[in-house]
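Chemist: What would the 3D arrangement of this be:
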Amino acid sequence: MLILDYTILIAQCIEDNSKAKKKLYELFSSAMFAICCRYAKCQEDAEDIFQQSFIKVYDKLHQIRDPKTLPGWLKSIFIREALDFYKSQHHKQQFSEVEQFENTQFDMNHAIDQLSMDEIRKEINLLPDKCRMVFNLFVIDGFSHQEISELVQISVGTSKSQLFEAKKRLKSQISQKHAFVALPR
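Modeler: Numbers count the residues shown, from 1 in each chain. Okay, here's the model as predicted:
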């Protein structure tokens with residue numbers, strides 16, 4: 001879609017044009033729902049996050065200054081809504097430092113090559129909530145540990161340790177489920 005089309009689309013959405021809102025939804029719903037699924041623990045939670053996010057998008061669309069940033073602006077709203085949802089559901093749980101574990105050696109690249117994207121997503125979704133959040137923010141969405149610490153209100157060290165734990169658990173899950181033999185040291 002051309003930047004000019006984003007300008008027109010945004011203006012029409014702000015004017016409450018239902019066809020424009022439908023077009024915006026059609027353009028971005030698939031990618032944004034994928035974000036919701038990455039952060040949610042189950043389909044129902046992903047749907048709740050998705051619905052609340054689109055409500056916020058339509059409500060705050062007038063705040064967008066540069067139409068060419070629309071895709072990134074939408075992504076940030078969906079990620080923040082997912083984090084807010086997580087915080088509201090788990091407000092009593094605290095992010096904790098995780099212990100360092102020994103790395104088992106196996107050919108992770110070979111293991112990942114054998115998996116479909118859907119299988120990889122399922123493995124990521126099996127991670128504990130805290131690890132999954134940090135993993136998604138850092139590896140998939142490209143946030144720095146400093147940004148993650150501010151978004152999730154944890155220390156940079158906790159962000160790093162949660163990422164380490166997520167990678168360790170993914171490695172273990174993949175090696176166990178896909179019967180890859182450890183490589184000699």
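
Chemist: those strands in this structure, which residues are they?
Modeler: Assigned by DSSP state E, the strands in the chain number zero.

Chemist: Okay, now the unreliable bits of it?
Modeler: Across the chain, the ranges flagged by pLDDT under 70 are 1-4, 90-116, 177-185.

Chemist: Domain parsing of it, as residue ranges.
Modeler: Domain ranges of the chain: 3-89, 108-177, per automatic domain parsing.

Chemist: could those be laid out in TSV, adding mean neighbour count?
Modeler: Using the backbone N, CA and C atoms, a C-beta is placed for each residue, glycine as well. Shown next, in TSV, are the domains of the chain (neighbours: other Cβ atoms under 10 Å):
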stretch	mean neighbour count
domain 3-89	16
domain 108-177	17
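
Chemist: And the helices in the chain?
Modeler: Taking DSSP state H as the criterion, the chain carries its helices at 3-14, 18-39, 43-60, 70-89, 108-113, 117-125, 129-135, 145-152, 156-177.

Chemist: and the gap between Thr158 and Thr69?
Modeler: Thr158 is 30 Å from Thr69, where distance means Cβ to Cβ, to the nearest Å.

Chemist: for Ala46, same thing?
Modeler: Noted for Ala46: a distance of 25 Å to Thr69, by Cβ to Cβ.

Chemist: just Phe135 next, same as before
Modeler: Distance, Phe135 to Thr69, by Cβ to Cβ: 25 Å.

Chemist: got it, and Lys130?
Modeler: As for Lys130, its distance to Thr69 is 30 Å (criterion: Cβ to Cβ).

Chemist: How much space separates Cys131 from Gln43?
Modeler: Separation of Cys131 from Gln43 (Cβ to Cβ): 20 Å.

Chemist: swap in Lys23?
Modeler: 26 Å.

Chemist: again with Lys160
Modeler: For Lys160, the distance to Gln43 equals 30 Å [Cβ to Cβ].

Chemist: and if you look at Leu70?
Modeler: 27 Å.

Chemist: got it, and Ser53?
Modeler: Per Cβ to Cβ, Ser53 is found 15 Å from Gln43.

Chemist: Kindly report the same for Ser88.
Modeler: Using Cβ to Cβ, Ser88 is found at 18 Å from Gln43.
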